[in-house]
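Student: coords below, sequence missing:
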């Protein structure tokens, strides 16, 4: 989102991003305005809980936090900042506040004329772009995204090819869980603001904007999702895939760092660590997740036996583990580092996943929650890496990963041009080299005409 905001700022928009307090610096360093909706104490209390990083309890915790602590503050902020005809809302899939605001503004908007179209009426009220960072939350009854571990009894949840069963599962998830968690505050605001009747199954279709839906990944990464959603269905706008943003938030690497001349100390600025010269295995646990020291030590032991060094990237605790085969670093820009690495081990967040794909570096994904299971399944399906289903399989998984690092990876290309043109509605279909964040910003800006 920050990458898109930076591009929008460059073309004259004033960009405000609602974030948790620990990410304020990231937003402000990009020259954007940060609006804090979750303070640091609350954020760290949530993400430090073991249950947050488990499939079932993590999903409930996230939705509860969204419904209880993010929804109303963000909605109030939109109320303060919105200027009709000059504001575009850009929403993460769980940003229900923006969707409620857009829908109720349209419902309250007076008709332009007796013959005005619904699109004209909507344009006079509020425009909304729904931005999906990964395909995991877009439903597909035949080939559903993987939302749970690919092992044990959860392997049978949402099985491929069982469309009737999967439709029933989605229905039960909506009625028994999702609507109960988020439906109350969402429908209360819809009624209070515009007198709208309750909306059921909020995450079946309602949550996607009728104005614009963008996928921040290439069409090939989720071709079945692209095929289903790239045409308008009901009230939701068609999906447009713009590619991976691939933004590290740092500038070019200096000649000194490129040559490995930096001393690698702990007081460096972000991204100033010297690049590795020995093609190590890079291990990262993510910016929000803490721990995993024992796993990293096991990886270091396995790699030492294979003659491969390990670099552990842990921004929350750089240098927190001492091991003869581990070099510990803080934040490093993956776009600069991965071309110098044999492979990467991570939890499967879409940012790291996409960076490894772009660098054509094999990846070992140990998914824990959220979209990570689906990203891991897609990486494995395309032969771009390995999914670690059980920690007991770590030795064989590391061996497979290191073997993949000996040959260049073959990364799929975008869909044939006819399909691509349907997924990227304007000149983006012919400009395949336009950076994804810039393309997204251009499409978002087009909502204002």
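Tutor: Good, I have the coordinates. Source: prediction; values computed, not measured.

Student: Next up, the contacts around residue 440.
Tutor: Counting by Cβ atoms under 8 Å, 6 or more residues apart in numbering, residue 440 touches 4, 7, 131, 214, 216, 242, 245. No exception for glycine: its C-beta is placed from N, CA and C like everyone else's.

Student: any chance of the residues you listed in JSON lines, plus neighbour count and secondary structure?
Tutor: As requested, those are arranged in JSON lines below (neighbours: other Cβ atoms under 10 Å; DSSP: H, G, I helix; E, B strand; the rest coil):
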{"residue": "4", "neighbour count": "26", "secondary structure": "helix"}
{"residue": "7", "neighbour count": "23", "secondary structure": "helix"}
{"residue": "131", "neighbour count": "20", "secondary structure": "strand"}
{"residue": "214", "neighbour count": "23", "secondary structure": "strand"}
{"residue": "216", "neighbour count": "25", "secondary structure": "coil"}
{"residue": "242", "neighbour count": "26", "secondary structure": "coil"}
{"residue": "245", "neighbour count": "24", "secondary structure": "coil"}
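
Student: For residue 217, the count of nearby residues, please.
Tutor: With neighbours defined by other Cβ atoms under 10 Å, the count for residue 217 comes to 26.

Student: Report whether it is found in a helix, as I expect.
Tutor: No - using DSSP: H, G, I helix; E, B strand; the rest coil, the secondary structure at residue 217 is coil, not a helix.

Student: could the contacts of residue 440 be laid out in TSV, adding pLDDT and distance to residue 351?
Tutor: Shown next, in TSV, are the contacts of residue 440 (pLDDT from 0 to 100; distance: Cβ to Cβ, whole Å):
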residue	pLDDT	distance to residue 351
4	96	13
7	96	17
131	97	14
214	98	16
216	97	10
242	96	15
245	92	8
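
Student: Mind checking which residue lies nearest the centre of this structure?
Tutor: Central residue of the chain (Cα atoms, centre = their mean): residue 133, 3.5 Å from the mean position.

Student: surely it meets residue 92?
Tutor: Yes - the pair residue 133 and residue 92 qualifies as a contact (Cβ atoms under 8 Å) at a distance of 7.3 Å.

Student: returning to what we had before: would you list the contacts of residue 440 in TSV and tack on distance to residue 103?
Tutor: Shown next, in TSV, are the contacts of residue 440 (distance: Cβ to Cβ, whole Å):
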residue	distance to residue 103
4	22
7	27
131	17
214	19
216	23
242	24
245	27
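
Student: For this protein, which segments are assigned as strands?
Tutor: Taking DSSP state E to define them, one finds strands in the chain at 16-20, 33-38, 88-91, 127-132, 212-215, 239-241, 281-284, 310-313, 326-329, 343-346, 363-365, 385-387.

Student: I'd like those as a markdown table, with distance to residue 449 appended.
Tutor: Below are these laid out as a markdown table (distance: least, Cβ to Cβ, whole Å):
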| stretch | distance to residue 449 |
| --- | --- |
| strand 16-20 | 21 |
| strand 33-38 | 24 |
| strand 88-91 | 11 |
| strand 127-132 | 9 |
| strand 212-215 | 13 |
| strand 239-241 | 17 |
| strand 281-284 | 42 |
| strand 310-313 | 43 |
| strand 326-329 | 46 |
| strand 343-346 | 41 |
| strand 363-365 | 42 |
| strand 385-387 | 43 |
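
Student: and residue 203, which of the ones you listed is closest to it?
Tutor: With respect to residue 203, and counting by Cβ to Cβ, the nearest of the strands of the chain is strand 127-132 at 11.9 Å.

Student: partner strands of that closest one, parallel or antiparallel?
Tutor: strand 88-91 (parallel), strand 212-215 (parallel) (DSSP bridges).

Student: contact partners of that strand?
Tutor: With Cβ under 8 Å, 6+ apart as the test, strand 127-132 has contacts from 1, 4, 87-93, 98-99, 102, 138, 207-216, 237, 239, 440, 443-444, 447-448.

Student: Stretch 17-32 now?
Tutor: Contacts for stretch 17-32 (Cβ under 8 Å, 6+ apart): 1-2, 5-6, 9, 15-16, 33-40, 43-44, 70, 73-74, 77, 95, 249.

Student: Type out the ChimeraX command that picks the buried ones from these.
Tutor: Remark: buried members of the contacts of stretch 17-32, expressed as a ChimeraX selection using 16 or more other Cβ atoms under 10 Å:
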select :1,2,5,6,9,15,16,34,35,36,37,38,43,44,70,74,77,95
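
Student: Specify the helix with the largest residue count in this protein.
Tutor: The residue-count maximum for a helix in the chain (DSSP state H) belongs to helix 179-194.

Student: Buried ones in stretch 373-382, by neighbour count?
Tutor: Quick answer for stretch 373-382 (16+ other Cβ under 10 Å): 373, 374, 375, 376, 377, 378, 379, 380.

Student: right, I mislabeled it, should have said stretch 223-232
Tutor: Within stretch 223-232, the residues that qualify as buried are 223, 225, 226, 227, 228, 229, 230, counting by 16+ other Cβ under 10 Å.

Student: Can you report the mean pLDDT over the residues of it?
Tutor: Stretch 223-232 shows a mean pLDDT of 95.

Student: cool, and stretch 154-164?
Tutor: Rounded to a whole number, the mean pLDDT of stretch 154-164 is 89.

Student: Equivalent analysis for stretch 30-38, please.
Tutor: Mean per-residue pLDDT for stretch 30-38: 93.

Student: First-to-last residue distance for stretch 226-236?
Tutor: Across stretch 226-236, the terminal residues are separated by 14 Å (Cα to Cα, to the nearest Å).

Student: Oops, could you answer that again for stretch 235-245 instead?
Tutor: 27 Å.

Student: again with stretch 333-349
Tutor: Across stretch 333-349, the terminal residues are separated by 15 Å (Cα to Cα).

Student: Residue 186 and residue 85: what is the separation?
Tutor: 26 Å (Cβ to Cβ, to the nearest Å).

Student: quick one on the thing from earlier: can you mark which positions in the longest helix of the chain are buried?
Tutor: Applying a neighbour-count criterion of 16+ other Cβ under 10 Å, one finds 179, 181, 182, 183, 185, 186, 187, 189, 190, 193 buried in helix 179-194.

Student: May I ask which two of these are separated the most?
Tutor: 181 and 193 (20.7 Å).

Student: Helices - which of the buried residues of stretch 373-382 land there?
Tutor: Judged by DSSP H, helices contain the following of the buried residues of stretch 373-382: 373, 374, 375, 376, 377, 378, 379, 380.

Student: Adding distance to residue 201 and pLDDT as columns, could you present those residues in TSV?
Tutor: Below are those laid out as TSV (distance: Cβ to Cβ, whole Å; pLDDT from 0 to 100):
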residue	distance to residue 201	pLDDT
373	23	94
374	21	95
375	25	97
376	28	96
377	25	96
378	26	97
379	30	97
380	31	96
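
Student: The residue lying closest to residue 154 once chain neighbours are set aside: neighbour count?
Tutor: Nearest non-adjacent residue to residue 154, counting by Cβ to Cβ, 6 or more residues apart in numbering: residue 148, 4.0 Å away. Per other Cβ under 10 Å, the neighbour tally for residue 148 reads 19.
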